[in-house]
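Undergrad: the following block contains a protein sequence and its predicted model.
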Amino acid sequence: MRIAVPVNEDNGLDSTICEHFGHAPYFAIIDVEGESINLSIFPNPAVEHAAGQIPRMLAEKGVNMIIASRMGEKAKLFFKQFGIEAVTGASGTLKDIISRITA
């Protein structure tokens, strides 16, 4: 499973979830394979983006799920078209997200 999370900064596990995924300065990619968790964070190359650009970019990176604070229905439809499950309602840090994933 490869999960994307929009974050405000590149502070590893202490990176905070960005309120608006489309304007997030960074994205974290969490790779989950059994008990193994790998984390990478990269700058968002599409901060100023066209509709559908971020879902396409994340699909090209092999993402299966995005976990975000909130997201509009149009964005959720774009993610669905790319086979990416959109989960909203997230808050806190990447450490919080990972602890929920592994619980």
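TA: Received, thanks. Numbering: from 1, shown residues only.
Undergrad: need the three-state assignment for residue 96.
TA: helix (DSSP: H, G, I helix; E, B strand; the rest coil).
Undergrad: now it: how far from residue 83?
TA: Note on residue 96: its distance to residue 83, by CB to CB, to the nearest Å, is 26 Å. The C-beta positions use only the backbone N, C-alpha and C, and glycine is treated the same way.
Undergrad: looking at the two now, which is surrounded by more residues?
TA: Neighbours were counted for residue 96 and for residue 83 using other CB atoms under 10 Å; residue 96 has more, 14 against 11.
Undergrad: roughly how far does the more buried one sit from residue 16?
TA: Residue 96 is 9 Å from residue 16, by CB to CB.
Undergrad: what about the helices in this structure?
TA: Counting by DSSP state H, the segments of the chain that form helices are 53-60, 73-81, 94-101.
Undergrad: buried deepest among these, which one?
TA: Mean neighbours per residue, mean count of other CB atoms under 10 Å, is largest over the helices of the chain for helix 53-60, with a mean of 18.
Undergrad: so where's this structure uncertain?
TA: By pLDDT under 70, the weakly predicted segments of the chain are 47-51.
Undergrad: quick one, strands of it?
TA: With DSSP state E, the ranges of strands along the chain come out as 2-7, 26-33, 36-43, 65-67, 85-87.
Undergrad: can you add mean neighbour count and distance to residue 73 and give those back as TSV?
TA: Formatted as TSV, the strands of the chain follow (neighbours: other CB atoms under 10 Å; distance: least, CB to CB, whole Å):
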stretch	mean neighbour count	distance to residue 73
strand 2-7	24	17
strand 26-33	18	21
strand 36-43	12	27
strand 65-67	22	14
strand 85-87	16	10
